[in-house]
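Asks: need a structure here:
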Amino acid sequence: MTLNPLPSAHYPLPFSLVYICRNFDLANGNSRLAWELASRFQNEGARVSIIVHRMKEFSGLQNGIKFKYAAQLPKIFGSLRSRSFAWLAERAARHLAQGGLVHGFGDSCRQDILSLGNADWTYAGRIPQRKPSAGAMFIKNRALGPGGCSRLVVISKQMRDDVIKRFEYWNNEKLHVIYPGVDGRKYHPGRRHELRRLWNQRCGLPLQAKWIVFAAGGDFEKRNFKTIAEVLSKIAGSGAAGGNGKQDEWVFVVVGAQKNQVVMPAVLERRSFFTGRLPDLSDIFPACDLMVYPAWYDEFALVCLEAMSSGVPVILSRQVGASEILPEKLRQICVLDDPADSQALAGRIEGWLKGSWSLSADEVRKVAEPYSWERFYQTYKELYQEVFEFKKMAGAL
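Replies: Numbers count the residues shown, from 1 in each chain. All right, here's what the predicted structure looks like:
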C-alpha cells in the first residue's frame, strides 16, 4: 500500500508507540487504521513498533517502523490460540514501549488504549447461526474489565451503545467514538475513466456496463453475501431493469475474494468478475457505480467510506456503522432497515439501475469529506497526549 504521509511536525513526540495487530493485512480495515496511525506518528518522530502474529507483504513496509513477531499456540489448542498471542503480545509490548504507550487493536488483554474492531458478543443475536468465539470473548472480557485499558475507542455509536450495555465499567467519559478516515486524494471520482480502462484490460470488465461492487476480505456470512447473490440473480433473470441477459448493462464485481470462495447461481456467475485480494482498494472503487453492502452487522465498514469518497453510492443496512454518517437524503434511498429484506434490497438496486436516483458523484463524495485521515490522526494525537500525561502523573504519585 503506497501512503502519502503529511510533512513532519515541528517537534517529535516525546514517547514511543507500540501497536498490537495480530493478523496484519491491509485488505483488513483494522490493519489499515493501525498502519495509517503508525506511519504518521513515525513520520512525526515517534519510535513506532507493531507486534503481529501473521503479516501480508506489501510495498513500503520498512518505512522505519519495527515489526515484531509474537507466537501463538497451534490450531489444535482451539480458543487458547488467541489467548496465547494476547499474553505474549502484551508482554512484548510493555518491553518495547519503555514507558511509552501501547495501543491494541482487539487482540491483547492489557494496553493503554484499546481500539475495538469487533463486537463479537452481539453476533449471536444479529447474525443467523453465529456464536461468538470463546477465545475472542475471553480476551475482550479481560481487556474491557478494570485494568485492561485506560481508554477505549470504538468506530461507531451503535458499537459504543453495545459496549456500555454489556460492560458496566465503561461510560462516555472513558469511551471515545472515532470514525475511521479515508484518503480523499486516492479515493476520488476523478480517477474513474483511467481505472475503468485498466480493469477492462486486466480482466475484461465491460466499459459500457454499470459496475455493482461488493468488497470484503472474508466473513461473507456476516456481510450477508448470500442475500446479495440471490437478489442480483433474480434481477439478472427477471427481464426487468438490466435483467435481459446482456452483460453490457451491469456486472457484479467481487473485491477481496476468489471465485472458489463463494457460491453463486449460474445466471449471476456469468455477470461476475473476481479481483481477488487487493492491498489498495483505491485501485478499483473509483471505477465502480454502486456498492451493495447489506451486512447483518458491521461495526463500521471502512470500505463503505472509501466507496463514498470515490463518488460511489452505497446500499447498506442500518446495522452497518457507516450508515450513521449519512445525511437524511441518502438514508432514505441507501439504508435498509432489515438486512433480510431481499425485496427491499432488490427495489433499491433496480431503482438505481433504472436511474431513479438523482445523486451525483460529488454529492456522494461530500459525505466522506469530513472523515479525512488528518482528522483521524489529530483526534488520536490528542488522545495519546492525554493518556501519556495521565500516565506520567500516576507514576509520580
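Asks: What residues of the longest helix along the chain count as buried?
Replies: Of all segments of type helix in the chain, defined using DSSP state H, the longest is helix 373-396. Neighbour counts using 16 or more other CB atoms under 10 Å place W373, F376, Y377, Y380, K381, L383, Y384, V387, F388, K391 of helix 373-396 among the buried residues. C-beta here means a position set from N, CA and C on the backbone, and glycine is covered the same way.
Asks: Stretch 188-200 now?
Replies: Using 16+ other CB under 10 Å as the burial criterion, the residues of stretch 188-200 that qualify are H188, P189, R191, R192, L195, R196, W199.
Asks: returning to what we had before: in JSON lines, list the buried residues of helix 373-396 along with distance to E44.
Replies: Putting the buried residues of helix 373-396 into JSON lines (distance: CB to CB, whole Å) gives the following:
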{"residue": "W373", "distance to E44": "13"}
{"residue": "F376", "distance to E44": "14"}
{"residue": "Y377", "distance to E44": "9"}
{"residue": "Y380", "distance to E44": "12"}
{"residue": "K381", "distance to E44": "8"}
{"residue": "L383", "distance to E44": "15"}
{"residue": "Y384", "distance to E44": "11"}
{"residue": "V387", "distance to E44": "17"}
{"residue": "F388", "distance to E44": "14"}
{"residue": "K391", "distance to E44": "19"}
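Asks: okay, how far is it across stretch 273-281, tip to tip?
Replies: When the termini of stretch 273-281 are compared using CA to CA, to the nearest Å, they are 15 Å apart.
Asks: ok, residues contacting that stretch?
Replies: 1-2, 26-27, 56, 58, 186-187, 203-205, 215, 217, 251-259, 284, 303, 306 (CB atoms under 8 Å, 6 or more residues apart in numbering).
Asks: what does the average pLDDT come to for that stretch?
Replies: Regarding stretch 273-281, the rounded mean pLDDT is 89.
Asks: do the same with stretch 153-164
Replies: Per-region confidence: stretch 153-164 scores 95 on mean pLDDT.
Asks: neighbouring contacts of it?
Replies: The set of residues that contact stretch 153-164 without belonging to it, under CB under 8 Å, 6+ apart, is 113-117, 119, 121-122, 144, 152, 170-172, 175-180, 299-300, 319, 321-322, 324, 383.
Asks: Sort out which residues of that stretch are buried, please.
Replies: Taking 16+ other CB under 10 Å as the basis for neighbour counts, the residues of stretch 153-164 that come out buried are V153, V154, I155, S156, Q158, M159, R160, D162, V163.
Asks: So which of those residues belong to strands?
Replies: In strands, judged by DSSP state E, the following of the buried residues of stretch 153-164 are found: V153, V154.
Asks: if we can go back for a sec, buried members of the contacts of stretch 273-281 into PyMOL, please.
Replies: Selecting just the buried residues from the contacts of stretch 273-281 in PyMOL takes one command, with 16+ other CB under 10 Å as the test:
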select buried, resi 1+26+27+58+186+187+205+215+217+251+252+253+254+255+256+257+284+303+306
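Asks: Let's see which of the contacts of stretch 273-281 end up in strands.
Replies: Filtering the contacts of stretch 273-281 for membership in strands, criterion DSSP E, returns A215, V251, F252, V253, V254, V255.
Asks: biggest separation within those, which pair?
Replies: Across the ones in strands among the contacts of stretch 273-281, the two members that end up farthest from each other (CB to CB) are A215 and V251, 14.7 Å apart.
Asks: Residue ranges of each domain in the protein, please.
Replies: 16-181+372-391, 189-368 (automatic domain parsing).
Asks: Quick one: residues in contact with the longest helix of the chain.
Replies: Contacts of helix 373-396 from elsewhere in the structure, counted by CB under 8 Å, 6+ apart, are 6, 13-15, 17, 33, 36-37, 40-41, 99-101, 103, 112-113, 150-151, 153, 176, 178-183.
Asks: cool, stretch 220-233 as well?
Replies: Outside of stretch 220-233, the residues that reach it under the criterion CB under 8 Å, 6+ apart are 123, 127, 130, 212, 214, 216, 252, 257, 261-265, 267-268, 271, 292-298, 317, 339-340, 342, 345-346, 349.
Asks: Mind doing that once more with 7 Å?
Replies: 127, 130, 214, 216, 252, 262, 264-265, 267-268, 292-298, 339-340, 342, 345-346, 349 (CB atoms under 7 Å, 6 or more residues apart in numbering).
Asks: again with stretch 319-331
Replies: With CB under 7 Å, 6+ apart as the criterion, stretch 319-331 contacts 126, 155-159, 179, 293, 295-301, 304-305, 316, 334-335, 339, 367, 371.
Asks: Got a PyMOL select line for the buried ones in the residues you listed?
Replies: Buried residues within those, by 16+ other CB under 10 Å, are selected in PyMOL with:
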select buried, resi 126+155+156+158+159+179+293+295+296+297+298+299+300+301+304+305+316+334+335+339+367+371
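Asks: Just to be sure, which of the contacts of stretch 319-331 are found in helices?
Replies: Secondary structure assignment (DSSP H) places R126, K157, Q158, M159, C304, L305, C334, V367 from those within helices.
Asks: returning to that earlier point: ok, of the contacts of helix 373-396, which come out buried?
Replies: By 16+ other CB under 10 Å, those give 13, 15, 17, 33, 36-37, 40-41, 100-101, 103, 112-113, 150-151, 153, 176, 178-183 as buried.
Asks: Now intersect these with the strands, please.
Replies: Taking DSSP E as the definition of strands, the buried ones among the contacts of helix 373-396 contribute L17, L101, H103, I113, R151, V153, H176.
Asks: ok, those residues vs A70, which is closest?
Replies: Out of those, the one with the shortest distance to A70 is H103. That distance is 15.1 Å, counting by CB to CB.
Asks: per-residue confidence at the nearest residue to the closest one once chain neighbours are set aside?
Replies: Nearest in space to H103, with sequence neighbours left out and distances taken as CB to CB, 6 or more residues apart in numbering, is I113 at 4.7 Å. At I113, the predicted lDDT confidence score is 96.
Asks: Many thanks, we can stop here.
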